[in-house]
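>>> Quick one: sequence plus predicted model below, questions after.
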Amino acid sequence: MKTEKATFAAGCFWGVEEAFLNIKGVISTTVGYTGGHLPEPTYEDVCSDKTGHAEAVLVEYNPTAVTYEKLLDVFWKIHDPTQVNKQGPDLGSQYRSAIYFHSPGQEQAALLAKEKLQQSGRYKNKIITEVAPAAEFWPAEEYHQKYLQKKGRTICHF
């Protein structure tokens with residue numbers, strides 16, 4: 001089976017991972033850090049808001065079972081893409097909204113989806129989601145992987 005990768009940042013990576021885990025066609029998810037300048041960052045490094053990394057989720061999926069466009073639909077639904085460097089109570093550039101594409105086709109699909117969503121009128125403010133090439137992805141520490149499942153929860157915030 002041929003798989004593809006998609007990388008999304010939409011706030012705290014625990015909730016983002018949870019949103020993608022149970023989608024038919026998603027093979028695996030890994031929470032981690034991308035888009036920054038420090039090699040092998042730790043959670044503490046990224047939380048300092050000085051490394052340039054975003055908390056992100058790397059999704060491995062079977063494109064014959066789920067389309068990239070479906071993954072984009074989930075991404076747009078799980079956060080507010082008009083918030084600059086924050087989601088809910090989480091503040092800092094590590095919580096920015098971003099799509100990191102792995103191919104020209106993903107780039108085109110992400111830009112088109114962003115434009116359609118902006119034109120839809122769903123948001124009165126401008127969508128600020130970054131669309132950028134996938135960079136080095138650093139998996140987060142093991143205790144962050146499948147965190148909500150380990151804690152018996154399905155959401156980050158109450």
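In hand now; what should we look at? Residues are numbered from 1 along each chain as shown.
>>> Residue most distant from the centroid, this protein?
Distance from the centre of the chain peaks at Met1, with 23.9 Å (C-alpha atoms, centre = their mean).
>>> Tell me which residues touch that one, please.
If you count contacts by C-beta atoms under 8 Å, 6 or more residues apart in numbering, Met1 has them with 62, 64. For glycine as for every other residue, the C-beta is placed from the backbone atoms N, C-alpha and C.
>>> separation between Val66 and Lys50?
Val66 is 36 Å from Lys50, where distance means C-beta to C-beta, to the nearest Å.
>>> now do Gly35
According to C-beta to C-beta, Gly35 stands 13 Å off from Lys50.
>>> More neighbours: which of those two?
Taking other C-beta atoms under 10 Å, Gly35 and Lys50 do not tie; Gly35 has more neighbours (24 against 15).
>>> where do the strands sit along this structure?
Along the chain, counting by DSSP state E, strands occupy 4-10, 26-34, 54-61, 86-87, 90-91, 97-101, 130-133, 137-139.
>>> Only the C-alpha atoms, please, for the second one, written as CSV.
In this case it means strand 26-34. The C-alpha trace of strand 26-34 is given here as CSV (Å, rounded to 0.1, in the frame of the first residue of the first chain):
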residue,chain,number,x,y,z
VAL,A,26,-5.3,7.5,8.4
ILE,A,27,-2.5,5.0,9.1
SER,A,28,-0.7,6.9,11.9
THR,A,29,-0.2,10.2,13.5
THR,A,30,2.8,11.7,15.2
VAL,A,31,2.8,14.9,17.2
GLY,A,32,5.9,17.0,17.0
TYR,A,33,7.6,20.3,16.1
THR,A,34,8.2,21.8,12.7
